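Enquirer: Based on what follows, work out the 3D shape:
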Amino acid sequence: MKAIFLIKYGDAKQSFEIRDIQPVPPKPDEVMIKVKYSGLNFADVIARRGLYPDAPANPALLGYDVSGEVVEAGSNVKEFSIGQKVVAMTRFGGYAEYVTTNINGVAAIPDGMNMAEATVLATQACTAYYCAEDCTTLHRGERVLIQAAAGGVGGLLVQIAKHRGCIIYGTASTGKQDYLRQAGVDYPIDYTKDDFYKSIKESGAQIDVVFDSIGGTVFKKGMKLLAPGGKMICYGAAEQMESTKNKLKLISMLWGFGLFSPISLLMQSKSVITVNMLRIADFKPVVFKDILTNVVIMANEGIIQPQVSKIFPYTEMAAAHEYLESRKSTGKVVVEW
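Expert: As a prediction, this is how the structure comes out:
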């Protein structure tokens, strides 16, 4: 089978190599999937830059999520049949024609569901669901701030918050404000032109929940906007992507988060929650299974609508990475096998 290996950290054009390898036979609780689409996530970009400590050593198979059909099942597998269409969270290894993974990270998708869009459900939709449904309870009329609201996870958070009747503030780069309005954002903010903190502060609004994927100084400003009882839910640190292996830059980025006293948070009844879906999948596999099942149901019922920004052939993985890094995408970037 064909597989795309990360062989060198750095620029996407120099980082990948297509190799022929043998598929891995499934263990008793695993299935082998013939992949139709592999999804890209920002974690892949961070790993490609050599900044993701949990990534496997080079030569590495990246990729968190795939959609395709089951071609082989382990001896204990009862819920999936050969030929069944599925979506899976692979915990790396997704950049390949065939993927073998534990069934706790796999869910069947209904006939008629777009398989490219289904890749959105494994990592991005599960992250959005866990942040918005498990880490907090969104109430009608609450004010939420969603950073990178036009991105893969951010766009799904918008949909869930709108479904819950929230008032939504969302940040995105120039040219995406109309997209945000159409998606349901009440107050779109162009972060390249306006300081989101000043815009919201001067309006007199206080935020009940902040969903942050940027980290650093953006995280610190978001904390200052929280109302008493508010929650900061941090599921990424994209600001780290602008750093290099230069330790001073990394220290500066980390310092940007600021220092918070538990007593200070307690007095204001504020909280900070961090989310890493890979850790949830690894250490709470049954919880992840339930989340993945629920997001498939929500997509099938139209509560969330997965968005694919662009599809690349697998031979253009470097171009797919560059497109994701360009911040031009409004949704998922996938490669087709």
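
Enquirer: All the helices of the protein, residue numbers only.
Expert: 42-48, 115-120, 126-129, 152-163, 177-183, 196-203, 216-225, 247-256, 262-268, 277-283, 285-300, 317-325 (DSSP state H).

Enquirer: Show residues contacting the third one.
Expert: With contact meaning CB atoms under 8 Å, 6 or more residues apart in numbering, helix 126-129 is reached by 89, 153, 156-157, 160, 235, 275, 277, 288, 291-292, 294-295, 298, 304. The C-beta positions use only the backbone N, C-alpha and C, and glycine is treated the same way.

Enquirer: Show me which of those residues is closest to Ser329.
Expert: Of all the contacts of helix 126-129, Val153 has the smallest distance to Ser329: 12.1 Å, by CB to CB.

Enquirer: Compute the number of surrounding residues for Asp20.
Expert: 8 (other CB atoms under 10 Å).

Enquirer: Same question for Tyr235.
Expert: Going by other CB under 10 Å, the residues that sit close to Tyr235 add up to 22.

Enquirer: for the one 3 residues further on, same thing?
Expert: If you count neighbours by other CB under 10 Å, Ala238 ends up with 19.

Enquirer: Provide a list of residues in contact with it.
Expert: Here Ala238 is in contact with 42, 148, 213-215 (criterion: CB under 8 Å, 6+ apart).

Enquirer: do Phe42 as well
Expert: 213, 236, 238, 241, 324.

Enquirer: Which ones among these map onto strands?
Expert: Nothing among these maps onto strands, per DSSP state E.

Enquirer: about what we covered before: of the helices of the chain, which shows the lowest average pLDDT?
Expert: Among the helices of the chain, helix 247-256 has the lowest mean pLDDT, at a mean of 53.

Enquirer: quick one on the thing from earlier: could I get the contacts of Phe42 in CSV, plus columns for distance to Gln206?
Expert: As requested, the contacts of Phe42 are arranged in CSV below (distance: CB to CB, whole Å):
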residue, distance to Gln206
Ser213, 21
Gly236, 23
Ala238, 25
Met241, 30
Leu324, 33
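
Enquirer: Quick check: of the residues you listed, which lies closest to Lys2?
Expert: Leu324 (20.8 Å).

Enquirer: who does the closest residue to that closest one other than its chain neighbours bridge with?
Expert: In space, and not counting its chain neighbours, Leu324 is closest to Val333: 4.8 Å by CB to CB, 6 or more residues apart in numbering. Taking DSSP bridges as the rule, Val333 bridges to Lys310.
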